[in-house]
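Novice: My questions are about this predicted structure, shown below with the sequence.
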Amino acid sequence: MRRMNRIVATAGMVMAIVAPGMGVAAGVGDKAPDFTLTDQDGNTVTLSEVPGVRVLEWTNPDCPFVQRHTREGTMKELAARYATEGVTWLTINSTHYMNRETDREWRSEHHLMAPILGDFDGKVGHAYGAETTPHMFIVAADGTIVYEGAIDDDPRGAEPAAQRTNYVARALDEVLDGKTVTTPETRPYGCSVKYEK
């Protein structure tokens, strides 16, 4: 799904987008591209040095989809819930015009648990083929990407949270139970990642 050349745009937002000419990004079943990024406080994080299951969440504080999920506490609550299971949540900001200060302010304002890693040159985002904010990836303990796509099945937030299918939560439950992820890939929704052009 991720590599389909289909663009659905309204008011500057996209349901899914593939930028041409970027090469083939890693996908489900591939080894997750390793990276070292700096968080909002200047600490470096290397993916391969983080043990266990990891969730990668692409974000942009300016994106209305991200703002809605932040108000609802979607990512914050999942990060806290699965931290008790040994899952590490890493938020990545590939927005070219932002910096550590904007990430620090956003994280502090909303009391977010996960570090926000700056990928302002977009290299990590392109390696994963991150298209939207949010765009979610789950990396298993062995380093394999086992899920990528949307956070849930309700792009517009029309349904109560309890009535949505949260794809990330379901996939994490399956991974932690030693099962195969039944829905390993969905179409991401949100704003397009604001890569430097």
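Specialist: Thanks, I have it.

Novice: Assign the residue most central in space within the chain to one of the three secondary structure states.
Specialist: By Cα atoms, centre = their mean, the chain has its centre lying nearest to Glu57, at 2.0 Å. Secondary structure for Glu57, judged by DSSP: H, G, I helix; E, B strand; the rest coil, is strand.

Novice: so what's it bridging to?
Specialist: Thr91, Met136 (DSSP bridges).

Novice: quick one: it from Ile138, how far?
Specialist: To Ile138, Glu57 is 10 Å away according to Cβ to Cβ, to the nearest Å. The way it works is simple: take the backbone N, C-alpha and C, and place the C-beta from them, glycine included.

Novice: circling back: and the residue nearest to the centre of the chain, what does it touch?
Specialist: Contact analysis of Glu57 by Cβ atoms under 8 Å, 6 or more residues apart in numbering lists Met75, Trp89, Leu90, Thr91, Ile92, Ala114, Pro134, His135, Met136, Ile151.

Novice: Next: Glu196.
Specialist: For Glu196, the contact set (Cβ under 8 Å, 6+ apart) comprises His96, Phe120, Asp121, Gly122.

Novice: Out of the residues you listed, grab the one that's most surrounded.
Specialist: Phe120 (21 neighbours; other Cβ atoms under 10 Å).

Novice: List the contacts of that residue.
Specialist: Counting by Cβ under 8 Å, 6+ apart, Phe120 touches Asn93, Ser94, Thr95, His96, Met98, Asn99, Glu196.

Novice: give me that answer again for 10 Å
Specialist: Counting by Cβ atoms under 10 Å, 6 or more residues apart in numbering, Phe120 touches 37-38, 93-100, 102-103, 194-196.

Novice: Among those residues, which are located in helices?
Specialist: Counting by DSSP state H, the part of the contacts of Phe120 found in helices is Arg100, Thr102, Asp103.

Novice: quick one on the thing from earlier: if you rank the contacts of Phe120 by neighbours, which is first?
Specialist: Neighbour counts for the contacts of Phe120 peak at Asn93, which has 28 neighbours (criterion: other Cβ under 10 Å).

Novice: quick one, what contacts it?
Specialist: Residues in contact with Asn93, defined by Cβ under 10 Å, 6+ apart, are 37, 40, 57-61, 66, 99-100, 102-103, 106, 116-120, 125, 133, 193-194.

Novice: Correct me if wrong, but Met113 is in a strand.
Specialist: No: the assignment for Met113 by three-state DSSP gives coil, which leaves it out of any strand.

Novice: how much space between the residue nearest to Asp34 when sequence neighbours are not counted and Arg54?
Specialist: Spatial nearest neighbour of Asp34, excluding adjacent residues (Cβ to Cβ, 6 or more residues apart in numbering): Ser48 at 4.7 Å. Note on Ser48: its distance to Arg54, by Cβ to Cβ, is 10 Å.
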